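*Asks:* give me coordinates for this.
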Amino acid sequence: MAFMSAYTTRWLSRWSVASALAGGLALSVLLLVPDGGSAARDALSGPARVIDGDTIDIAGERVRLEGIDAPETAQTCPRRGAGTWACGKDATQALRKLVAGQEVSCQRRGTDKYGRVLGLCFVGGRDINAQMVREGYAWAFVKYSRSYVHEEAEARAVRAGVWQGDAEPAWVFRAKRWAGAEEAAPQGCAIKGNVSANGHIYHMPWSPWYARVRVDESKGERWFCSESEALAAGWRPAAVN
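*Replies:* Next comes the predicted model:
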């Protein structure tokens, strides 16, 4: 009986080790297999509607191209030699050309404070975020990412796009417009909420139509102190044509 007990103990011990090794191997294999479902959830793809030089809509989701900052639609930039050019409108058109008739695939990189998807986006395997910077239609948004500093250096070296002259980066342009509008707005709340046939729309101080919009509180129009406040109230940003 003692012999059987010792034999059984040794057999169980060997079986336990073998099972543990087999289980560990299986676990390792499972850990090495990519999670296709997770990858699919992190991707967003389809035809894109361009909002401006660094923002698109895919399947109803607003996507902000991560790591870049394009000129605002109302922004102009110095032209090489003399004069200015409509860098904001041209950046929007450049992005439209990149995505026109194409399937756009974006890797989700989180969301910004306005709830927009931050996306690393591709057309036919080409990084369109990088392409916008390389062609001089956007700056590397180094406040949040250094992903495209190399592409920016390339554009600057050949004086492409915004590098033709001493253009204000988009974030400086926005800050100046906000400061000027804030002084004139009630309680410093500079965002104009407009009610029209297109719905409840808000206009930022750098919007091309900002100066023409009048806030009529008797119609339910109002001022907002921040973009997140406007979004939380159910208003949407003005579209760019």
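*Asks:* the closest residue to residue 165 other than its chain neighbours: what's it in contact with?
*Replies:* Across the structure, with Cβ to Cβ, 6 or more residues apart in numbering as the measure, the residue nearest residue 165 apart from its sequence neighbours is residue 78 (2.8 Å). Glycine gets a C-beta too; all of them are placed from N, C-alpha and C. With contacts defined as Cβ atoms under 8 Å, 6 or more residues apart in numbering, residue 78 is in contact with 84, 164-167.
*Asks:* how about these, which pair is most distant?
*Replies:* Within those, 84 and 166 form the most distant pair, 11.5 Å apart (Cβ to Cβ).
*Asks:* which sections of this protein are below the confidence cut-off?
*Replies:* Judged against pLDDT under 70, the low-scoring parts of the chain cover residues 1-41, 240-241.
*Asks:* still on that earlier bit, neighbour count: residue 84 and residue 166, which is higher?
*Replies:* Under the neighbour definition other Cβ atoms under 10 Å, residue 84 and residue 166 were set side by side, and residue 84 has more, 13 against 8.
*Asks:* from what I can see the more buried one touches residue 76, true?
*Replies:* Yes: look at residue 84 against residue 76 with Cβ atoms under 8 Å: they come within range, at 4.3 Å.
*Asks:* okay, now residue 143: neighbour count?
*Replies:* Other residues near residue 143 number 9, with proximity taken as other Cβ under 10 Å.
*Asks:* could you find the closest non-adjacent residue to it?
*Replies:* In space, residue 143 comes closest to residue 171 once its chain neighbours are excluded; the distance is 7.0 Å by Cβ to Cβ, 6+ apart.
*Asks:* confirm the one you found sits in a helix?
*Replies:* Yes: the assignment for residue 171 (DSSP: H, G, I helix; E, B strand; the rest coil) places it in a helix.
*Asks:* identify the residues contacting it.
*Replies:* Contacts here follow Cβ under 8 Å, 6+ apart; on that basis residue 171 touches 69, 141, 143.
*Asks:* likewise for residue 92?
*Replies:* Residue 92 makes contact with 50, 52-53, 70, 73, 240 under the criterion Cβ under 8 Å, 6+ apart.
*Asks:* and it, how close does it get to residue 222?
*Replies:* Distance of residue 92 to residue 222, computed by Cβ to Cβ, to the nearest Å: 28 Å.
*Asks:* on the three-state scheme, residue 96 is what?
*Replies:* Reduced to three states by three-state DSSP, residue 96 is helix.
*Asks:* that one: how many residues sit nearby?
*Replies:* Taking other Cβ under 10 Å as the definition, residue 96 ends up with a neighbour count of 14.
*Asks:* list the contacts of it.
*Replies:* Listed by Cβ under 8 Å, 6+ apart, the contact set of residue 96 reads residue 50.
*Asks:* distance check, it against residue 151.
*Replies:* Look at residue 96 and residue 151: by Cβ to Cβ, they are 20 Å apart.
*Asks:* now residue 222
*Replies:* The value you get for residue 222 to residue 151, if Cβ to Cβ is used, is 41 Å.
*Asks:* what residues are up against the residue most central in space within the chain?
*Replies:* Centroid-nearest residue in the chain: residue 64, 1.8 Å away (criterion: Cα atoms, centre = their mean). Contacts of residue 64 were listed using Cβ under 8 Å, 6+ apart, and they are 54-55, 112, 116-119.
*Asks:* thanks a lot, catch you later.
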